[in-house]
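K.L.:
Based on what follows, work out the 3D shape:
(2 chains)
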Amino acid sequence: MNINIRPPGWAEWLMSRFSPTGFEDELQGDLQEMYVYWVKTIGLPRARWRYVLAVLQLIRPFSWPRTSQSNDYSQPFFLHPDMLRNYFTVAWRNLWRHKLYSLINIGGLALSLTSTAFIGLWVYDERSYDSFHDDADRIYRVAKDFVTRGGMRTPDATTPAALAPALQAELPEIQAVTRLYPNWGQKYLVKRGDQRFYEERVYRVDANFFSIFSFPFVAGNAQTALTTPTSIVLTESAARKYFGDENPIGKRLDLDVKPGDFVVTGVLADIPSNAHFRFDFLIPLRTLDATLNSNWKTYVFYTYVKLKPNANAERFAANLQSLFKRHQPDDLNQFYSQPLTQIHLTSKLKWELAPNGEQSYVRILSFVALFVLIVAAINYINLATARAARRAREVGVRKVAGAHRQSLIGQFLGEGILSALMAGLVAIGLLFLLLPVFNQFVEKQLSLSNQQGWMVSLLVILLASGTGLLAGIYPALVLSSYEPVHVLKGQHLPGSAFSRLRQGLVTGQFAVSAGLIIGTIIVTQQLHFLRTSSLGFDKDQVMVLPNIDGLTNLDVLQQELAALPGVAKIGAASDAIGYTNSTMGMALKGTDKGVAVNYITVDNQGLAVLGIQLRQGRLFSTQFPSDSSTSLLVNETAAKQLELNHPLGSILNTNLQGDYRTVVGVVKDFHYSSLHQTIQPFAFMLGRQNLSNLLVKLRSSDVEATIEAIQHKWEALVPDRPFSYSFIDERFAALHHADTLFEHIFTGITLIALLIACLGLFALATFMTERRTKEIGVRKVLGASALSIVALLARDFLQLVLLATLLASPGAYYFMRGWLEGFAYKITIEWWVFALAGLLAVVIALLTVSYQSLKAALMNPVKSLRSE
Amino acid sequence: MKRAFLGELEEVVLLTVAALQESAYCAAITQTIDQQMARSISFPTVHTTLQRLAEKGFVSSHMGGATPERGGRQKRLFTITAAGQRALIECRQMRSELWKQIPTQVLQLWSA
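P.N.:
Modelled structure (predicted):
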């Protein structure tokens, strides 16, 4: 044979390797003949070309049988595209045929994933306070216990000014110390041109403030921001308020403090919401008193410390106390340090710069979120397994058609994960959609637009696929094990086999729901108690007008206001009740056992306005002109703790420095702060100094007109100070704001959990009833009444729900008692709470189940028995 | 009764199988069609068509007739089955029915 008429070698090789099975010999032979023929008829080049084309069309992957019937009974690979398409088709048909189940299943899971993610975001935010600072783990706040000679301790966040320089000079482990002086209620009048505003969030800080705190700069830089006495640093939104779109750097801003004329040296990005103190303006501390650095007595500063990288925090705390002892050997106060990142959740000292969060809320809500997730996962698993049982026939057919067990397992797992992923996607959509609503609800500025959003989405997807996997495992393993002969004959229709598992799951689910119901009842009760319990004084319609200190025409103002028809009483005080009060060490004359006593200074009418009730003695009165320098009122707790056996006429050393005053009356205990705290000793003094708040008791008729009238008078008599006011009852509501918020979140999530549990129960009841259609038909034919059939169907569920309540009670009791521990004044948890929760759970379950049961019981047996 | 449908290509291939008698194998069939009908049908197409005819039961095949031109490899020799014959006959009948329906005048016009 001529060498020229050999076809291309590689094509020949391809043909010999990949010819379709059964045709190897003939095809190679035929092709060789054809090649010779082609070379003869159309020439060598085109023959080679045709040969290659023919080979490519004949070799294996391209020569799948194109006809419908094939002699090939070999098994396709179970991930073959055709098989995958089949899985999808079957899965989709299943979802579509049982629309209700699918909706409940996917919707429920999506709902719970959404709420879990929201709570997760909230918890994450609460725990992330102050961690945005560089080296936040090395930053500490110095705090102290205020200790009296009597041994009474008051934990307090303030420190003296001299502490910081001493720390910097004497403790080598310290990298930097800085002090912060807040406004202490003072408002600063800030002026630029004709723009004048009263600003509260003005802090004075040491020049090295930014070497500890890394608030990011928008303009200017940390090194030079606070170097001169006239520097002022403001936040972006404050800058916009005064300068609009201008570049504020180097511009002047006028404040009513020395030196008055400030120059903007830096603009900060707005302070993140997860900082434990927030401000709008920073000015240098040195504008205060020059003798600061030696003052160990006045506790009005906050001290923050950054340790060196390898410093030992415990050693630092010990050194801190011994340093203080060295400088102030007679002082009993105990100093310690708090890690910066834990201040928000765990500190709760007196004089916090901003209200703290509650560790217990974070913990409880984390658990609740987890529970909700579990409830939904159980639901999902329950329904998926229940529904999978109906697919026994499909498994039989697939097996007969040659499916391996592995491919069935893969199919069910994949299906579970896929539909759970659908829920995950829905959840992520909801998350982004509802975030603004949630932010408004919890009063935070959570964001999903950054890296956090990706993390949360990823987590949701992971949780969803985890749930899907769990839900898929059961049917995957159990269903795939069925013998086709049994399932196809209908002998071994599964269902009852795993009812025990399902019962367990339903019980667990309702245990969680019952626990949450118990929790909600207790939280609601306690909050109701907080709102309605008498504070011991009259908080309603008492208006507080701040900024009256040093007014020369205060008397005129008071008279003018008192003359208004809507004003019942008017008085003045140094502080309003409901805020943090000043404290002084006091002792009975002749003893040195000091007791820390909160006090405020009032004028003669102040106590009458507040409706403080007298236990014995008298209130301050104009009939006793000496009251202002020699008299004192104490509350019952103070009388007890100061060991005043006959309080009236007792003489107290009111500042432990020799300011003696006589007790002229004892007032009944009243709540001057939130009900989280026990009532502490409290005293009233009479004076004209330090009166900075007007207290105005309004008549209940037409409050708005009265406020307007008061504003009119104020603007006429005090034109240089802006008019502002608050109400004491609003202030008290604000003290319990965190509790109210917790109530709302807790109730909300309980409702969601209940809803999800009910959806699950409803679907399960539907399913169970459907399975028993024939049984019910037979029972009815034999004379069972509709009622007995409803009872029959409901009984199972009710037993489970009751059991669940029993299981949930101890856990709920434990958690809620822990929550109530945070209140000094609280309700007791009573047994009927648990009974009520059980009853509610039963009623809810009954309502959920009864629709299906009734439908089944009222059905004509002819219908259910006819079909076979 | 539903008849097995015979496509045009199938008909040509089946006719060739019948014409070639004992020596009908894929390469020979392709060449015959190529030469006699002056129409280029690719070898793989003929191969696939033969498979389809076999599935429909119109041809049967057996192996044999290895020759040196084909490297000593065996041929798959096709023979037409009774069903194949019936199908061809029906095909031809149908066509001649249609031919008959064309009026003679028209036919004369065409040939003219």
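
K.L.:
What parts of chain B come near chain A?
P.N.:
Contacts of chain B with chain A, taken as Cβ under 8 Å from any Cβ of the partner chain, map to B:25-28, B:30-31, B:34, B:42-44, B:47-48, B:51-52, B:55, B:63, B:66, B:69-71, B:73-76. All C-beta spots, glycine's among them, are computed from the backbone N, C-alpha and C.

K.L.:
hmm, try it at 7 Å
P.N.:
B:25-27, B:30-31, B:42-44, B:47-48, B:52, B:55, B:69-71, B:73-76 (Cβ under 7 Å from any Cβ of the partner chain).

K.L.:
Now which of the residues you listed would you call buried?
P.N.:
B:25-27, B:30-31, B:43-44, B:47-48, B:52, B:70, B:73-76 (16 or more other Cβ atoms under 10 Å in any protein chain shown).

K.L.:
end-to-end on stretch A:192-210?
P.N.:
Using Cα to Cα, to the nearest Å, one end of stretch A:192-210 lies 26 Å from the other.

K.L.:
contacts for that stretch?
P.N.:
A:176, A:178-183, A:187-190, A:222, A:225-227, A:242, A:253-254, A:278-285, A:287-288, A:722 (Cβ atoms under 7 Å, 6 or more residues apart in numbering or on different chains).

K.L.:
give the contact list for A:I461.
P.N.:
By Cβ under 7 Å, 6+ apart, A:I461 lies in contact with A:421, A:424.

K.L.:
Got a PyMOL select line for the buried ones in the contacts of stretch A:192-210?
P.N.:
In PyMOL, this line selects whichever of those come out buried by 16+ other Cβ under 10 Å:
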select buried, chain A and resi 176+178+179+180+181+182+187+188+190+222+225+226+242+253+279+280+281+282+283+284+285+287+288
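
K.L.:
Where does pLDDT dip in the stretch 51-200 of chain A?
P.N.:
Residues of the stretch 51-200 of chain A meeting the criterion pLDDT under 70: A:61-79.

K.L.:
need the helix or strand of chain B with the lowest average pLDDT.
P.N.:
helix B:104-111 (a mean of 83; mean pLDDT, DSSP states H and E).

K.L.:
show me the contacts for the residue lying closest to A:F262 once chain neighbours are set aside.
P.N.:
Nearest residue to A:F262, sequence neighbours excluded (Cβ to Cβ, 6 or more residues apart in numbering or on different chains): A:I232, at 3.9 Å. Counting by Cβ under 7 Å, 6+ apart, A:I232 touches A:253, A:262-265, A:281-283.

K.L.:
which helices and strands sit right next to the helix or strand harbouring A:L53?
P.N.:
Assessed by DSSP states H and E, A:L53 sits inside helix A:44-58. Applying 3 or more Cβ pairs under 7 Å, 6 or more residues apart in numbering or on different chains; DSSP states H and E, we find helix A:44-58 packed against helix A:9-18, helix A:24-42, helix B:43-56.

K.L.:
Okay, and which of the contacts of stretch A:192-210 map to strands?
P.N.:
If you go by DSSP state E, those have A:176, A:178-181, A:188-190, A:253-254, A:281-284 in strands.

K.L.:
What is the most widely separated pair among the residues you listed?
P.N.:
Using Cβ to Cβ, the ones in strands among the contacts of stretch A:192-210 reach their maximum pairwise distance at A:A176 and A:L189, which is 32.4 Å.
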